[in-house]
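Asks: heads up, no residue letters with this:
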């Protein structure tokens, strides 16, 4: 029995010695292999954390799910306290823009504002609102989306005598136009001011056929 134990002990010692020799012989390879495993595991850990972090980031788009713009950028110029370009929430009114601009100055043409400026009208992205000076013969109106505005000279104004100014006409005057009833007249008033007569098609949603009937009866100042 003792001899068997001795043999087993010798075998065990020989095996351990061989293992030690192999480990020592290939120690650099084993070290690089273990180092490689550590880097792979570290890379997997980092990748998972980055992917998890990305999944929690909420991307805020300028548009809601239905495609509606959340914010609009508009400009106000002329006789206001703080003219400039402003960012407002979609659905804001001209009155909101006037408040941001600090209100109108002492030189503002208030008569023109009463007749032509609809403070309750909704603003659109890229629109420009111009408040003229009371001492100037200015008939500048809000710009269209292209960022321009229109001046109406005194000669053109004279030629427009007898035409209906869609920026200042009463509902009754608008209803006197061909194809315009109470509903369309109210829409025209709601979306004032206009920089050109064609805008009642795009802004007030007046049908093109109706516009063709009345375009020679209207003008903008």
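Replies: Ah, there it is. The shown structure was predicted, so the numbers you read here are calculated from the model rather than taken from an experiment.
Asks: Just give the closest residue to residue 89, not the sequence neighbours.
Replies: The shortest distance from residue 89 to any non-neighbouring residue, by Cβ to Cβ, 6 or more residues apart in numbering, is to residue 71 (6.0 Å). (C-beta placed from N, C-alpha, C; glycine too.)
Asks: ugh, wrong one, I meant residue 100
Replies: residue 86 (5.1 Å).
Asks: Relative to residue 74, how far out is the one you found?
Replies: 6 Å (Cβ to Cβ, to the nearest Å).
Asks: go on, residue 172?
Replies: Taking Cβ to Cβ, one finds residue 172 at 31 Å from residue 74.
Asks: between these two, who's got more neighbours?
Replies: A side-by-side neighbour count of residue 172 and residue 74, using other Cβ atoms under 10 Å, places residue 74 first with 22 against 9.
Asks: that older thread, might one say that the residue nearest to residue 89 is in contact with residue 90?
Replies: Yes. Residue 71 lies in contact with residue 90 (Cβ atoms under 8 Å); the separation is 6.4 Å.
Asks: which of those two has more neighbours?
Replies: residue 90 (16 against 12).
Asks: Tell me the confidence at that one?
Replies: Model confidence at residue 90, given as pLDDT, is 90.
Asks: from what I can see it touches residue 74, true?
Replies: No. Contact criterion Cβ under 8 Å: residue 90 and residue 74 do not qualify, at 11.0 Å.
Asks: before we move on, back to that, tell me, what's touching residue 86 and residue 74 both at once?
Replies: residue 97 (Cβ atoms under 8 Å, 6 or more residues apart in numbering).
Asks: Show me the helices in this structure, by range?
Replies: 2-25, 27-55, 94-100, 110-116, 154-159, 171-175, 182-190, 199-202, 208-214 (DSSP state H).
Asks: any idea which of the ones you listed scores lowest on pLDDT?
Replies: helix 154-159 (a mean of 36).
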